[in-house]
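Asks: fold the following and give me the result.
(4 chains)
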Number of protein chains: 4
Amino acid sequence: MSEKSASDIENEVQDWWQTGIIDMEPGKIHYGGYAIEDLIGNISFPAMIWLMTRGDLPTPAQAKLLEAALVSAVDHGPQAPSIAIARMAATCGVGLNNAMASAVNVLGDVHGGAGEQAVALYHDIADRMKDGVGLTDAVAAGLDHQIAEHGKHITGFGHRFHPIDPRAPRLLALVAEAAEAKHISGQFGVIASAIEDTLLARKGKRIPMNIDGATAVIYAELGFAPELARGLFCLSRSVGILAHAWEQTQQGGRNKGPIPRRMIWNYTGPKRKAFDVDSKSD
Amino acid sequence: MSEKSASDIENEVQDWWQTGIIDMEPGKIHYGGYAIEDLIGNISFPAMIWLMTRGDLPTPAQAKLLEAALVSAVDHGPQAPSIAIARMAATCGVGLNNAMASAVNVLGDVHGGAGEQAVALYHDIADRMKDGVGLTDAVAAGLDHQIAEHGKHITGFGHRFHPIDPRAPRLLALVAEAAEAKHISGQFGVIASAIEDTLLARKGKRIPMNIDGATAVIYAELGFAPELARGLFCLSRSVGILAHAWEQTQQGGRNKGPIPRRMIWNYTGPKRKAFDVDSKSD
Amino acid sequence: MSEKSASDIENEVQDWWQTGIIDMEPGKIHYGGYAIEDLIGNISFPAMIWLMTRGDLPTPAQAKLLEAALVSAVDHGPQAPSIAIARMAATCGVGLNNAMASAVNVLGDVHGGAGEQAVALYHDIADRMKDGVGLTDAVAAGLDHQIAEHGKHITGFGHRFHPIDPRAPRLLALVAEAAEAKHISGQFGVIASAIEDTLLARKGKRIPMNIDGATAVIYAELGFAPELARGLFCLSRSVGILAHAWEQTQQGGRNKGPIPRRMIWNYTGPKRKAFDVDSKSD
Amino acid sequence: MSEKSASDIENEVQDWWQTGIIDMEPGKIHYGGYAIEDLIGNISFPAMIWLMTRGDLPTPAQAKLLEAALVSAVDHGPQAPSIAIARMAATCGVGLNNAMASAVNVLGDVHGGAGEQAVALYHDIADRMKDGVGLTDAVAAGLDHQIAEHGKHITGFGHRFHPIDPRAPRLLALVAEAAEAKHISGQFGVIASAIEDTLLARKGKRIPMNIDGATAVIYAELGFAPELARGLFCLSRSVGILAHAWEQTQQGGRNKGPIPRRMIWNYTGPKRKAFDVDSKSD
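Replies: As a prediction, this is how the structure comes out:
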């Protein structure tokens, strides 16, 4: 079939899958060059997340900020579709892994992509500033660009339930602290605050930063790509998803629907009508 | 690395994946030995489903019964967790494929496995009869075994919403018709009716067959393995899942939760309390 | 809590979920106004798919074309990621519903969205023609627009494995037949052929229509929205996914990876290095 | 519709979803009674995972052991089905959340349920000891029971790739350390070692504990229910799944199959044959 040698073909097959993340041989596992037995017990779970997604180890200050972001987004209760789905799934006879999958799966552009869009917005504004534009003008141009691309809803700012999202000010305080200690540049906290100011000026009312806007400040400061803001949010929210799937499993219930069983949806379609069997053939 | 020849290794790699379903070379695709261009336009979608899962073509009578079962189970409305999940997913910014996946995923032992269990129960009773046990005794023994294994809930019989599930009598009439025409044996329709009688005698009230019990009669008559009863139900319900995900996409909405937005769940956990920062270190 | 009446609140809750697809009360189920017991045994599975996604019944000619498209796309073998995922999942101890979910889930923009993009391209060209532009110019403008938006890869044309995709000519012949019989307009077949001609003129070689391009002709002729091209493909491919998950289940195997077990991936990351425990604190 | 009062009905709807995990009102979010702003920056991510799944805070020693277990199981490379699926998904045009979902979904009884089964086995042995049976006899009886229920494969012991799984001894050393410091009982480490001894005596060769057996010792020591061993493994493995999905996204590729593109599977099905169109009607 081929004029390649046997080892050429083995190499071809092995080359089909390439990774810089994990290096393995029988009895040995290394991540980013470090032996697993050296990492276990010595690095924190957030540091491991960093190592896996970035290829090196974070500083303690970086790990601390990442940990704060991961802690902050675990759960928003059974009215969040991700959590409701996990709970419903748990009543349908699937394992916790399946309930988690159905739920994490919906953390899409609207539910889970808000942080990704916010990091992209912050990067866009920072890039304009690198080109010499002043903060206020860069924010205005960045917002206009974002609105043109994605519509007038500015992800990361405003919350339909919380007048002030209690997670955001706490996260921003940690960012400010780290900036003061020179552990991070602090530029993305400044940009995010300037966005709030511009939105206030434009709309006549404050639209405060929410969890997605605040964690995006952290992810941008830590150098994560925008896509990873979504990925890290998925890791964080998986905790709440697991907790609710497990609580629902313990509560029991079979095939639990969204509203109490005796109530039924509002039907808006065509009136009932007879089916004409003869109409089948033409 | 190896003393195998190049073609040995190519064979080893190609042997890693083996299938009797699809035979392909550039420009040619065959399923079960038939060229795809001969099948398209000539066989029905249910016949194609049969060919893929069984390896040969059904008779027209078999295809007709399979089609009836597939048509019957597409949807049970937004109170079914599978449908509610599809609709919620559609408001979270994911594609129709993702909404379908999150929803099909929950068709587990409770929501989707009922047909699988019912086929297994019918098989168990038929096996007892093959060993010479009479119908009534075989049903009693089959039910007792089922209850010992899976609890007192007999899947396939009774419905929490429909006093009589309107899909079941229609499916059973088609089964009876096919049995009279000698297209099928009819034994599983007899077994299922005898289960109804035994449940009536045991409980003092009729617990009529539901959609799962009736489609299981068809799947058993057609010779499908119990596991495929679940798989075929997934194909059928995928239609309703797609329809609702698409309708919800058109309705719009963002991150739609299970109950109206202003309402919130009942919290049953510990009282609010202060967090003692100093308790962190021991 | 509210000045609304009890029935106002019940209505509010019931209105939270609205659908025109299914109308239900105890003992009765109607889709698009038709009683389920009238549909079972009387309409084909493709006609049911049409009713659920469109709200009315297809003509026999429409149902026949939809059926052909659904039959054509069920499977492309274990080298397709969707099929490989289904088979791997089946070796990890999950149910057929879960294996189907993991696999259908990946029918995204690249794997499953090709038909959706092709329908959108055909619509765009048809709209230009409605505005008075001639076929050739409309095709050229449509292609240029598509390339500007999505890159130079024109979905629906060309196949990395099949010089000529055997499914496409057969589907197009059915479209031509239906157009000749005046069951459909035939305009989208004309547009798709003109795209082939323009690509030939531009690239100097024929890039023949593939399964996605051909089914998109059918879906466009039948009036399906582009998004539903993806949804219908998911229904079709679910059949192959189920068949392969089931075949793999019967073959057995535990935690089956992509390549033969003794082979391992090519590691491309950092060299092994010591972990400095003291570096943990700063 | 009802004789209930308006607030009765609001309560009925709100009671439909009940949780002890999260307590929320506009501007306030509490988990297990603690305000989120008090938790962010003050507790570790593993402590947050504990709080969400257990309802209270861990001691530092408990959090440290949980952290070690979470760090240990993140990844086993592209030959693990979960990781291969994440990488394939990333080439099909879906988001990181979707790639994670398809992959986490397959952490079922075989791939992800090993830890769950191991915790259950340890509990079973511990329960026998509570009833007065000695260690060796309790282990023998527990193993016999496990084999009768689940077959001769003892999850948690032995590894098809690693002669000694490098993660297990390190985790067990941390368990021994914590037991010596009286932070945990240490009984499950003793039980797991006794299982190794019994397997050695029965089979004549050592079948050393693997990652699942070792993390199960930790989860059992920490008082997690067996089901949560699977859930916690899903959280841990989600990290590797994310990392590989992201790396593959950066590598690019479209619809990447399991083996190199030019190779094709081994077809084992029926020979090619003609399709008899006339056979359609009976």
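Asks: quick one: pLDDT of residue A:152?
Replies: At residue A:152 the predicted local distance difference test score is 88.
Asks: likewise the one 10 residues further on?
Replies: At residue A:162 the predicted local distance difference test score is 95.
Asks: phi and psi next, for it.
Replies: Reported as degrees, to the nearest 10, the phi and psi values for residue A:162 are phi -100, psi 120.
Asks: my read is that it contacts residue D:37, right?
Replies: No: applying CB atoms under 8 Å as the test, residue A:162 and residue D:37 come out as separate, 12.0 Å apart. (Each C-beta comes from the backbone N, C-alpha and C, glycine too.)
Asks: where does residue A:129 land in three-state SS?
Replies: State at residue A:129, reduced to three classes by DSSP: H, G, I helix; E, B strand; the rest coil: helix.
Asks: what's the residue nearest to it when sequence neighbours are not counted in contact with, if anything?
Replies: Nearest-residue entry for residue A:129: residue A:138, 4.8 Å, with adjacent residues in sequence omitted and distances by CB to CB, 6 or more residues apart in numbering or on different chains. With contact set as CB atoms under 8 Å, 6 or more residues apart in numbering or on different chains, residue A:138 has these partners: A:125, A:126, A:128, A:129, A:191.
Asks: how about residue A:244?
Replies: The neighbours of residue A:244, taking CB under 8 Å, 6+ apart as the test, are A:75, A:78, A:83, A:86, A:87, A:90, D:19, D:21.
Asks: for it, give me the pLDDT.
Replies: For residue A:244, the pLDDT comes out at 98.
Asks: give me the number of residues near residue A:70?
Replies: Residue A:70: 25 surrounding residues under other CB atoms under 10 Å in any protein chain shown.
Asks: same deal with the one 3 residues further on?
Replies: Here the count is done by other CB under 10 Å, and residue A:73 has 25 residues near it.
Asks: coming back round to it: with neighbour count added, can I get the contacts of residue A:138 in JSON lines?
Replies: Output for the contacts of residue A:138, formatted as JSON lines (neighbours: other CB atoms under 10 Å in any protein chain shown):
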{"residue": "A:125", "neighbour count": "28"}
{"residue": "A:126", "neighbour count": "18"}
{"residue": "A:128", "neighbour count": "19"}
{"residue": "A:129", "neighbour count": "18"}
{"residue": "A:191", "neighbour count": "22"}
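Asks: measure the residue in the stretch 51-200 of chain A positioned nearest to chain C to residue A:68 for me?
Replies: Sorted by distance to chain C under CB to the nearest CB, the residues of the stretch 51-200 of chain A start with residue A:60, at 4.8 Å. The span separating residue A:60 from residue A:68 equals 13 Å under the rule CB to CB, to the nearest Å.
Asks: which bits of the stretch 151-282 of chain A sit near chain D?
Replies: Counting by CB under 8 Å from any CB of the partner chain, the positions of the stretch 151-282 of chain A adjacent to chain D are A:161-164, A:166-167, A:169-171, A:173-174, A:225, A:227-228, A:230-232, A:234-235, A:238-240, A:242-247, A:249, A:251, A:259-260.
Asks: again, only this time at 6 Å
Replies: If contacts are counted using CB under 6 Å from any CB of the partner chain, the residues of the stretch 151-282 of chain A sitting beside chain D are A:161-164, A:166-167, A:170, A:174, A:230-231, A:234-235, A:238-239, A:242-243, A:260.
Asks: thinking again about what came up before, ok, residue A:60 and residue A:68, which is more surrounded?
Replies: More neighbours surround residue A:68 than the other of residue A:60 and residue A:68, with 26 against 15 (other CB under 10 Å).
Asks: that one is in what secondary structure piece?
Replies: Secondary structure from DSSP states H and E places residue A:68 in helix A:60-72.
Asks: chain B contacts on chain A?
Replies: Selection of chain A residues close to chain B by CB under 6 Å from any CB yields A:1-2, A:4-7, A:9-10, A:13, A:78-79, A:81, A:84-85, A:88-89, A:92-94, A:98, A:102, A:105-106, A:108-111, A:254-255, A:257-259, A:265.
Asks: what subset of those is buried?
Replies: Buried residues within the residues of chain A next to chain B, counting neighbours by 16 or more other CB atoms under 10 Å in any protein chain shown: A:6, A:9-10, A:13, A:78-79, A:81, A:84-85, A:88-89, A:92-94, A:98, A:102, A:105-106, A:108-111, A:255, A:257-259, A:265.
Asks: next step: the contacts of residue A:244 restricted to helices.
Replies: Secondary structure assignment (DSSP state H) places A:83, A:86, A:87, A:90 from the contacts of residue A:244 within helices.
Asks: what's the closest of these to chain D?
Replies: Taking CB to the nearest CB as the measure, chain D lies nearest residue A:87 of the ones in helices among the contacts of residue A:244, at 7.4 Å.
Asks: for burial, what's the neighbour tally of the closest one?
Replies: Counted with other CB under 10 Å, residue A:87 comes out at 27.
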